[in-house]
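A.B. asks: Structure of the sequence below:
(4 chains)
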Protein chains: 2
Amino acid sequence: MGVTKTEIFTAEQNRIADLGKAFAHPARVAILQMLISRKACVCGDLVGELSLAQATVSQHLKELKRIGIIQGEINPPRVCYCINPSVWEEARQAFGTMLDSFISITCCP
Amino acid sequence: MGVTKTEIFTAEQNRIADLGKAFAHPARVAILQMLISRKACVCGDLVGELSLAQATVSQHLKELKRIGIIQGEINPPRVCYCINPSVWEEARQAFGTMLDSFISITCCP
DNA sequence: AATATATATCGCAATATTACGATACATATT
DNA sequence: AATATGTATCGTAATATTGCGATATATATT
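C.D. replies: Purely as a prediction, here's the structure:
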């Protein structure tokens, strides 16, 4: 039926999948890289550098905010977005642990 | 229009996004964890532990194979799946570099 | 050769994602 | 108060993903 069956997975697996979504679209990767390199940003700056409509960029920012990996201080008409350090650290731990847990023993040539 | 505009992003950003997709669904996270812990596996074993239909599991395996993060030796009626060490290392580098590049300086409270 | 076994693929339905123009909203500026 | 500015949200269209039953495929077993 097309609905992800989150209930059959562990909370950890669902969380990793959600954090993974932050990196699973090139626009979001680009946004995160920009936030990292500039320390702080507003949506407008990002729109100028991404060849995407303002509404589209805003939507990606909303998704990143939902995941929790970025945070924004609403200060209309501007918003200051930046990486959420604790969630970023959570992602670093989660992916680090998972990616480091593989010890290269292949059975398939 | 709903089509991801891959052409406006760098090859690196698109690749990270693709690797991110491997981790962006709990079923694929679960599959990767199983392949890591058992060193080798076949689809049937996975179907038994995931409450998903065989066709669905096969589809997730196909996606992981497309990304390149797993490899399979086709040996009908069985297939031996395992992690692709070089692509896994690529993911480790890519995510490691990106996740380590953030130095915690927040501007937003 | 018929059957059993294990996996892949097809076809479909439901839902999610991506993208964007238009518009709403909230503050600054005049 | 009217206008300008920057961002969010709405509505909509197109495409992608998720899931599964049915079926195809390829070998092993009888």
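A.B. asks: going forward, measure contacts between C-alpha atoms and count neighbours the same way
C.D. replies: Noted.
A.B. asks: how near is the residue nearest the centre of chain A to DNA strand C?
C.D. replies: With distances taken as CA atoms, centre = their mean, the residue of chain A nearest its centroid is A:Ala22 (2.4 Å). Applying CA to the nearest atom of the strand, to the nearest Å, the value for A:Ala22 to DNA strand C is 9 Å.
A.B. asks: pLDDT (mean, whole number) over the helix ranked longest in chain A?
C.D. replies: Using DSSP state H to assign secondary structure, the helix with the most residues in chain A is helix A:85-100. Taken as a whole, helix A:85-100 has a mean pLDDT of 97.
A.B. asks: ok so, going back, just to check, the residue nearest to the centre of chain A is in contact with A:Leu64?
C.D. replies: Yes: under the criterion of CA atoms under 8 Å, A:Ala22 lies in contact with A:Leu64, with a separation of 6.0 Å.
A.B. asks: Check the contact lists of these two and give me the overlap.
C.D. replies: A:Arg28 (CA atoms under 8 Å, 6 or more residues apart in numbering or on different chains).
A.B. asks: shaky segments in chain A?
C.D. replies: Where chain A drops to pLDDT under 70, the residues are A:1-2, A:39, A:105-109.
A.B. asks: Now do the helices in it.
C.D. replies: A:11-22, A:26-38, A:43-49, A:54-67, A:85-100.
A.B. asks: rewinding a little: wondering if the longest helix of chain A reaches chain B at all.
C.D. replies: Yes: for a cut-off given as CA under 8 Å from any CA of the partner chain, helix A:85-100 has contacts with chain B, namely A:85, A:88, A:91-92, A:95-96, A:98-100.
A.B. asks: Turn the residues you listed into TSV, including neighbour count and distance to B:Thr56.
C.D. replies: Rendered in TSV, the data for the residues of helix A:85-100 next to chain B read as follows (neighbours: other CA atoms under 10 Å in any protein chain shown; distance: CA to CA, whole Å):
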residue	neighbour count	distance to B:Thr56
A:Pro85	18	36
A:Trp88	19	31
A:Ala91	21	27
A:Arg92	18	29
A:Phe95	21	25
A:Gly96	15	28
A:Met98	16	23
A:Leu99	20	24
A:Asp100	12	27
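A.B. asks: Nearest to A:Arg78 among those?
C.D. replies: For those, the closest approach to A:Arg78 (CA to CA) belongs to A:Pro85, at 21.3 Å.
A.B. asks: With adjacent residues omitted, what lies nearest to A:Asn14?
C.D. replies: Computed as CA to CA, 6 or more residues apart in numbering or on different chains, the closest residue to A:Asn14 that is not its neighbour in sequence is B:Pro26, at 5.1 Å.
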